[in-house]
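In: Sequence unavailable; structure follows:
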């Protein structure tokens, strides 16, 4: 990458970071409203939305300004079986961009395409975050906050088209988040804050908003990060002790049937942050995160065996065929910088093949990052 491009990326990161200064009082209110009084982030986390926004700017600069450099662009490979390759304009990622300080609206949902183009999905004055692609990547489930994410009275699940022209509200009057679209496309799982229990429980709603159903609730446990199996018959999720505000050492990964029945613990995974399913349904790809670092694990469904696939990595998600993986890693473990990469599992290790974005730092999970389902074939 040339010095000019590096300078553009640096300026983009600095500009976005400067827009996201937030007082400790505001973050305390945010955590309380979201039912997460234990999750007021470190100062470096406070800048997460700005940095994620800037990473998309950096992606557009880095991807469009390099040619033939596999370290700066997605590596070309065989297309997934039964899935069309990504065209240059197809979205490959959905994430969150910072909003305007003047309006006070805060973050907005945005996609980035393979050729580095960004596309705003939502717009001010509403604040939106936490995107999840529908199968086929034609729609997104997102979270909208009223009046904003700094002190929300409600956070609602919405479904929007990628051009933002059509939007449907699915929930209202609650603090909802972590939407996860089922592979069959008919249901969306999410977490809902239960003010009486002072913990999050899992819910499910039809993609058209027709049927809202409780899935799983546990005494003294707060549930998050629901993830559907590839055949939509099961849901994996993270269960944390609700009364242990700072201690994530007892986090567990659980699995239930799609209706929430037969919920059972699979393994204890301290700091579990996100989950994806292996296509065969025999294992889970679990990412941990502790504000400073993370790792990616393979967890066996039947026996809970765990194998570390990557250290200094987090937020991993598998392609439909289980060959390609999008994840975040630290290119230099001595520096607090993360990048989104595309890679694969090879000989029990997670190997990075190509960089999607550069300059990503300290991820705060509320803002979300999701990969589309188009293939990685040559364009």
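Out: Sure, I can see it. Since we're looking at a predicted model, the values are computed, not measured.
In: Just give me the neighbour total for the closest residue to residue 300 other than its chain neighbours.
Out: In space, and not counting its chain neighbours, residue 300 is closest to residue 283: 5.4 Å by C-beta to C-beta, 6 or more residues apart in numbering. From N, CA and C alone the C-beta is placed, and that goes for glycine too. For residue 283, the neighbour count with other C-beta atoms under 10 Å is 20.
In: Per-residue pLDDT of residue 283, please?
Out: Reported pLDDT at residue 283 in the predicted model: 95.
In: Distance of residue 138 relative to residue 94?
Out: 12 Å (C-beta to C-beta, to the nearest Å).
In: quick one, which of those two is more surrounded?
Out: Neighbour count, other C-beta under 10 Å: between residue 138 and residue 94, residue 94 has more, with 25 against 14.
In: Validate this expectation: that one resides in a strand.
Out: Yes - Residue 94: assigned to a strand according to DSSP: H, G, I helix; E, B strand; the rest coil.
In: Can you name the residues bridging to it?
Out: Applying DSSP bridges to residue 94 yields these beta-bridge partners: residue 111, residue 370.
In: List the residues that contact residue 200.
Out: 35, 191-194, 222-224 (C-beta atoms under 8 Å, 6 or more residues apart in numbering).
In: same deal with residue 247?
Out: By C-beta under 8 Å, 6+ apart, the neighbours of residue 247 are residue 241.
In: Tell me the confidence at it?
Out: So residue 247 comes in at 76 (pLDDT).
In: where does it land in three-state SS?
Out: From three-state DSSP, the assignment for residue 247 is coil.
In: likewise residue 196?
Out: Relying on three-state DSSP, one would call residue 196 coil.
In: Could you give the backbone dihedrals for it?
Out: In terms of degrees, to the nearest 10, the main-chain angles of residue 196 are phi -70, psi -40.
In: From residue 217, how far out is the nearest residue to residue 219 once chain neighbours are set aside?
Out: Sequence neighbours aside, residue 197 is the residue nearest to residue 219 in space, at 7.6 Å (criterion: C-beta to C-beta, 6+ apart). Separation of residue 197 from residue 217 (C-beta to C-beta): 7 Å.
In: now residue 183
Out: 24 Å.
In: again, but for residue 189
Out: To residue 217, residue 189 is 13 Å away according to C-beta to C-beta.
In: still on that earlier bit, please pick the buried ones from the contacts of residue 200.
Out: Buried by 16 or more other C-beta atoms under 10 Å: 35, 191-194, 222-224, out of these.
In: ok, the closest residue in space to residue 277 that isn't next to it in sequence to residue 213 distance?
Out: Nearest residue to residue 277, sequence neighbours excluded (C-beta to C-beta, 6+ apart): residue 229, at 4.9 Å. Shown here: residue 229 relative to residue 213, a distance of 18 Å by C-beta to C-beta.
In: Same check on residue 311?
Out: Counting by C-beta to C-beta, the gap from residue 311 to residue 213 is 38 Å.
In: Low-confidence stretches in the stretch 1-150 of the chain?
Out: Residue ranges of the stretch 1-150 of the chain with pLDDT under 70: 1-89, 98-105, 114-116.
In: if we go to 80?
Out: 1-93, 95-106, 112-118, 124-125, 148-150 (pLDDT under 80).
In: Please apply the same query to the stretch 201-350 of the chain.
Out: Along the stretch 201-350 of the chain, segments meeting pLDDT under 80 span 243-247, 291-292, 319-322, 335-340, 347.
In: Would you map the helices across it?
Out: For the stretch 201-350 of the chain, helices defined by DSSP state H, counting those that start in this stretch do not occur.
In: Let me see the ranges of the strands in it.
Out: 212-216, 221-228, 234-241, 252-257, 264-268, 272-277, 283-288, 295-300, 306-311, 313-318, 324-329, 339-346, 349-355 (DSSP state E, counting those that start in this stretch).
In: now for those, which one comes closest to residue 143?
Out: Ranking the strands of the stretch 201-350 of the chain by proximity to residue 143 (C-beta to C-beta) places strand 221-228 first, at 13.0 Å.
In: Now do that closest one: which elements does it pack against?
Out: The contact analysis (3 or more C-beta pairs under 8 Å, 6 or more residues apart in numbering; DSSP states H and E) places strand 221-228 against strand 176-181, strand 187-194, strand 199-206, strand 234-241, strand 272-277.
In: rewinding a little: quick one, which of residue 189 and residue 217 is more surrounded?
Out: More crowded of residue 189 and residue 217, by other C-beta under 10 Å: residue 189, with 26 against 18.
In: Could I get the contacting residues of the nearest residue to that one once chain neighbours are set aside?
Out: Nearest non-adjacent residue to residue 189, counting by C-beta to C-beta, 6+ apart: residue 226, 3.9 Å away. Contacts for residue 226 (C-beta under 8 Å, 6+ apart) come out as 178, 180, 189-191, 202, 215, 235-237.
In: Would you mind measuring from residue 226 to residue 124?
Out: Separation of residue 226 from residue 124 (C-beta to C-beta): 29 Å.
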